[in-house]
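Student: below are the sequence and a predicted model; questions follow.
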Amino acid sequence: MSKESPVIGVLALQGAVREHAAALRAAGAETEAIKWPDQLAGIAGLIIPGGESTTIGKLMVKYGFIQAIRDLAASGRPVYGSCAGLIAVAKRITEGTDPWLSLMDIEATRNAFGRQQESFEAEIAIPVLGAPFTGVFIRAPWIETAGSGVDILAEYDGRKIMARENNILVTAFHPELTTDTRVHEYFIDMVREA
Amino acid sequence: MAEEGTLRVKTGLAEMLKGGVIMDVTNAEQAKIAEDAGAVAVMALERVPSDIRAAGGVARMADPAIVENIMKTVSIPVMAKARIGHFAEARVLESLGVDYIDESEVLTPADEDNHINKWDYKVPFVCGARNLGEALRRIGEGAAMIRTKGEAGTGNVVEAVRHMRTITNEMKVLAVVGEEELMTAAKNMGAPFELVRAVAKTGKLPVVNFAAGGIATPADAALMMMLGVDGVFVGSGIFKSTDPSSMAKAIVEATTHFNDAALVAKVSKGIGDPMRGLEISEIDEKDLLQTRGW
């Protein structure tokens, strides 16, 4: 079902909510800040933003988001997790802590690129988007391993940093901290095609 | 080619902390309690501000062993305080690998005229401000995040409110005055002209702004969020309350759902007593922390 401008929710428990909403609007979608699970009924897709993954995870559990977001994904609606959002959707966490949403067949390693002083930006090749993209990596995770059903959309320095499995999209970097909206456009297309 | 320590990655971490609570901790055990309660980061220091206030003497950077132990114990970002102008302490903290440095008036200033040149570091800095001019001076020196000074260690939110309202009102004025008035505004507030112009144009600070100094209850955190801060630092307010874990969790929830009074009421029940507060007018002027730095 195609929609002119789908309403895409941004999970608004903590983190870079405003920046994702602004990027979505710039890319032609409408947005809603999601504070409670009952709001999920009205949206066509969901972004789980960057932030502190332990904080976002604990609040998701506390407010009943875990099953609600699994149901949303099971209904075929797309979910995009950036940075902390990547950790939130992973089925396995390298450190052995419990996964949160278990939506994507990947193992995520938290802070894999290092602490803040190792945070960096770099031009990365994302073939599905065409020209290189400026990746902003903040205490960023990477994808340690991925199941056979997962498409790796980008690597940097031999590390998997962007992937898609059916209706789930993840990036280890923060496109919302740049003015380049191509990742958000890609996600909006996923929502339109769902 | 990867570039580290750019302004975008420095301010970027602050963006990721938005809507969260940063808690003062003095050892690994407290850091774990803070992380388990949902803190987005911890601030490592030797004594919480209310104890610094009580102890008197010179307050310095924390023991590197304590900072390292906290860094080993939690997976969330670890911040640490350096004295105003003490660029050697800042270099020590940077070498330990901390995620943010707070050039803080809570510690005894090392330089009464000059703050640290924060452009010179890979690690980002947060600095306190009482008004827009002070905030823009710190940003001009390279701060990647601002917080209100408030009056630390008092458990009294009145100064944080005053500082946030002052910053907001001064930004509103800049947004409406004529372009030709901006140079005089910059001169009067002692702030870099280009930053004054940027605020006049966008109506907001170019970096994230948190509340700090006197936040002691979930409702205090909600109040500051409603006044427009991006997140909250809680210093003495957690570990000087009677039930730190419950108080910490409640303040985290109140910060997320600051607009939901029923939720703030719910989380405020049965969390023990907040820290005992101090009336600001009963503090000797020479004992105020907020007047340190300029």
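Tutor: Good, I have the coordinates.

Student: quick one: contacts of the longest helix along chain A?
Tutor: Longest helix in chain A, counting residues (DSSP state H): helix A:182-193. The contact list for helix A:182-193 (CB atoms under 8 Å, 6 or more residues apart in numbering or on different chains) reads A:2-3, A:6, A:8, A:20, A:23-24, A:26-29, A:44-45, A:47, A:77-78, A:80, A:126, A:128-130, A:133, A:164, A:167, A:169, A:171, A:175-176. For glycine as for every other residue, the C-beta is placed from the backbone atoms N, C-alpha and C.

Student: enumerate the residues of the stretch 51-200 of chain B near chain A.
Tutor: Within the stretch 51-200 of chain B, the residues that sit near chain A (CB under 8 Å from any CB of the partner chain) are B:75, B:76, B:77, B:94, B:97, B:98, B:99, B:100, B:122, B:123, B:124.

Student: what does chain A have sitting close to chain B?
Tutor: Going by CB under 8 Å from any CB, the residues of chain A near chain B are A:12-19, A:35, A:50-52, A:54-55, A:58-59, A:62, A:83-84, A:95, A:110-111, A:115-123, A:136-139, A:157, A:174, A:177.

Student: buried subset of those?
Tutor: The neighbour-count criterion (16 or more other CB atoms under 10 Å in any protein chain shown) marks A:12-19, A:35, A:50-52, A:54-55, A:58-59, A:83-84, A:110-111, A:115-122, A:136-139, A:174, A:177 among the residues of chain A next to chain B as buried.

Student: so which of those residues belong to helices?
Tutor: Using DSSP H, the members of these that fall within helices are A:17, A:18, A:19, A:54, A:55, A:58, A:59, A:84.

Student: can you list phi and psi of the most centrally placed residue in chain A for me?
Tutor: Ranked by distance to the mean C-alpha position of chain A (CA atoms, centre = their mean), the top residue is residue A:81 at 1.2 Å. Backbone torsions of residue A:81, given as degrees, to the nearest 10, read phi -110, psi 130.

Student: mind checking how far it is from residue A:168?
Tutor: Distance of residue A:81 to residue A:168, given as CB to CB, to the nearest Å: 8 Å.

Student: joint contacts of these two?
Tutor: Common neighbours of residue A:81 and residue A:168, counting by CB under 8 Å, 6+ apart, are residue A:89.

Student: can you give me the strands for chain A?
Tutor: Per DSSP state E, chain A carries strands over the ranges A:7-11, A:30-34, A:45-48, A:79-82, A:90-93, A:104-109, A:120-124, A:133-137, A:142-146, A:151-156, A:159-165, A:168-171.

Student: buried sites along the first one?
Tutor: Think strand A:7-11. Neighbour-count burial for strand A:7-11 flags A:8, A:9, A:10, A:11 (criterion: 16+ other CB under 10 Å).

Student: contacts for it next, please.
Tutor: For strand A:7-11, contacts defined as CB under 8 Å, 6+ apart pick out A:17, A:20-21, A:24, A:29-34, A:39-40, A:42-49, A:56, A:60, A:65, A:85, A:187-188, A:191.

Student: same check on the fourth one?
Tutor: Contacts of strand A:79-82 with the rest of the structure, by CB under 8 Å, 6+ apart, involve A:16, A:20, A:45-50, A:69, A:72-73, A:87-89, A:103, A:167-176, A:187, A:190.

Student: what of the second one?
Tutor: Counting by CB under 8 Å, 6+ apart, the neighbours of strand A:30-34 from elsewhere in the structure are A:5-12, A:17, A:20-21, A:24-25, A:39-40, A:42-43, A:46.

Student: measure how that strand sits relative to strand A:7-11, angle-wise.
Tutor: Angle of strand A:30-34 versus strand A:7-11, following axes from the mean of the first three to the mean of the last three CA atoms, to 10 degrees, is 30 degrees.

Student: can I get strand A:30-34 in CSV, CA atoms only?
Tutor: What follows is strand A:30-34 as a C-alpha-only set of coordinates in CSV (Å, rounded to 0.1, in the frame of the first residue of the first chain):
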residue,chain,number,x,y,z
GLU,A,30,5.3,13.1,8.9
THR,A,31,6.5,12.2,12.3
GLU,A,32,5.2,11.6,15.8
ALA,A,33,7.1,11.4,19.0
ILE,A,34,6.3,8.0,20.6
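
Student: parallel or antiparallel, which strands does that strand pair with?
Tutor: If you go by DSSP bridges, strand A:30-34 pairs up with strand A:7-11 (parallel).

Student: now swap in the fourth one and tell me
Tutor: Paired neighbours of strand A:79-82 in the sheet (DSSP bridges): strand A:45-48 (parallel), strand A:168-171 (parallel).
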